[in-house]
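Asker: Please find the sequence and the predicted model below.
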Amino acid sequence: MVLQKGFTFENLVGRYKIDNEIIYRLYNEEVRNDKIIKDVTSISEKNAVFLDFISINYEDQRKILDFYDKYGSLGFGKAPRYGESICDVIKEIRIMQLILDIEEHIKNKEISLTLRSLFELNKLISIWYQGVEFLTDGIIYSQDIELMLDKGFYDFDNSSPEFNAMFFFYAKYAVCRMVNSYISEIKPELKLSRDMTYIGNWHSKNLLSSMYFEIFLKLSSNKRFRKCKNSTCSNYFEIIGADTRKIYCNRDCANLEAKRMERTRKRKIEK
């Protein structure tokens, strides 16, 4: 049985503004002489819009507005006219980052970093879900993570292979649960093209769930993602092929970090 993996999603976009920490779309009468960028944007499996989303430097609200201008609202609000809270948008960015961070920590067999990311994720989602209990079906509890984060309670460097295997299994299970919670309402649909042929498609209700469907497609194809190691860069990037040692999103970031490290070494020598 073969399923078509492709999907499309269209979102109404234009100019956005922030007023009292709420993001609103500017409608035609508000834009005046400033033209609407475009009426509709589409995303598909090839776009990887979620990489643009998690690469937002959310300390700069202009960067958030740039994303909204390009792709439209996330769609988790009650209605577009009510806008979306900056706080909620930042929370969604961080949740998505943590999901991919956890997966990368697991790939690198980093128990301590996996645990810390899982704990932060637990704190962020506890408003909506039952924390880690939701993520792991009650197998790992938030109070257990707090104890394990206490270095006096558990020696991560000398943990047994059996413990490591069990822990990483449930950490991966948490990733599955989290992604599935966002894509649960995406449904397959049969569409008709202009030349009267049938097209298999996936229907998504909003941009946020569409981005998680992108992640679903990527992770189910064993793709890997990593945050750029340049301390001044917020970009995430896909690891292509067997180049698992790549730690910078581009050559410019690699050069900048190399120069920064060289200056640090010179200062230490001078001291």
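Answerer: Cool, got the structure.

Asker: Now Tyr212: closest residue in space, sequence neighbours ignored.
Answerer: What sits nearest to Tyr212 in space, not counting adjacent residues and going by Cβ to Cβ, 6 or more residues apart in numbering, is Tyr182, at 3.7 Å. Yep, even glycine has a C-beta here, placed from its N, CA and C like the rest.

Asker: ok, now which ones touch the residue positioned nearest the centre of the chain?
Answerer: In the chain, the centroid-proximal residue (Cα atoms, centre = their mean) is Met96; its distance is 2.8 Å. Applying Cβ atoms under 8 Å, 6 or more residues apart in numbering to Met96 gives the contacts 50, 53-54, 211-212, 215.

Asker: host element of it?
Answerer: Following DSSP states H and E, the helix or strand that holds Met96 is helix 86-107.

Asker: what comes up buried for that helix?
Answerer: Applying a neighbour-count criterion of 16 or more other Cβ atoms under 10 Å, one finds 86, 88-89, 91-106 buried in helix 86-107.

Asker: Only alpha carbons, please: show it as PDB.
Answerer: This file holds the C-alpha atoms of helix 86-107, laid out as PDB (Å, rounded to 0.1, in the frame of the first residue of the first chain):
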ATOM      1  CA  ILE A  86       3.000  37.000  21.400                       C
ATOM      2  CA  CYS A  87       3.500  35.000  24.500                       C
ATOM      3  CA  ASP A  88       1.700  32.000  23.000                       C
ATOM      4  CA  VAL A  89       3.700  32.300  19.800                       C
ATOM      5  CA  ILE A  90       7.000  32.300  21.600                       C
ATOM      6  CA  LYS A  91       5.800  29.300  23.600                       C
ATOM      7  CA  GLU A  92       5.000  27.400  20.400                       C
ATOM      8  CA  ILE A  93       8.400  28.300  18.900                       C
ATOM      9  CA  ARG A  94      10.100  26.900  22.000                       C
ATOM     10  CA  ILE A  95       8.000  23.800  22.200                       C
ATOM     11  CA  MET A  96       8.900  22.900  18.600                       C
ATOM     12  CA  GLN A  97      12.600  23.700  19.200                       C
ATOM     13  CA  LEU A  98      12.600  21.400  22.200                       C
ATOM     14  CA  ILE A  99      11.000  18.500  20.300                       C
ATOM     15  CA  LEU A 100      13.800  18.600  17.700                       C
ATOM     16  CA  ASP A 101      16.400  19.200  20.400                       C
ATOM     17  CA  ILE A 102      15.300  16.100  22.200                       C
ATOM     18  CA  GLU A 103      15.500  14.000  19.100                       C
ATOM     19  CA  GLU A 104      19.100  15.300  18.300                       C
ATOM     20  CA  HIS A 105      20.200  14.700  21.900                       C
ATOM     21  CA  ILE A 106      18.900  11.100  21.700                       C
ATOM     22  CA  LYS A 107      20.800  10.600  18.400                       C
END
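
Asker: My understanding was that the residue nearest to Tyr212 contacts Ser210; is that so?
Answerer: No. Using Cβ atoms under 8 Å, Tyr182 is not in contact with Ser210; the gap is 9.5 Å.

Asker: all strands of the chain, in order?
Answerer: Assigned by DSSP state E, the chain shows strands spanning 9-12, 16-19, 22-25, 40-43, 84-85, 187-192, 198-203, 224-227, 236-239.

Asker: quick check: mean pLDDT across the fifth one?
Answerer: Okay, so that is strand 84-85. For strand 84-85, mean pLDDT is 86.

Asker: Can you list the helices and strands that it packs against?
Answerer: Packing partners of strand 84-85 (3 or more Cβ pairs under 8 Å, 6 or more residues apart in numbering; DSSP states H and E): strand 22-25.
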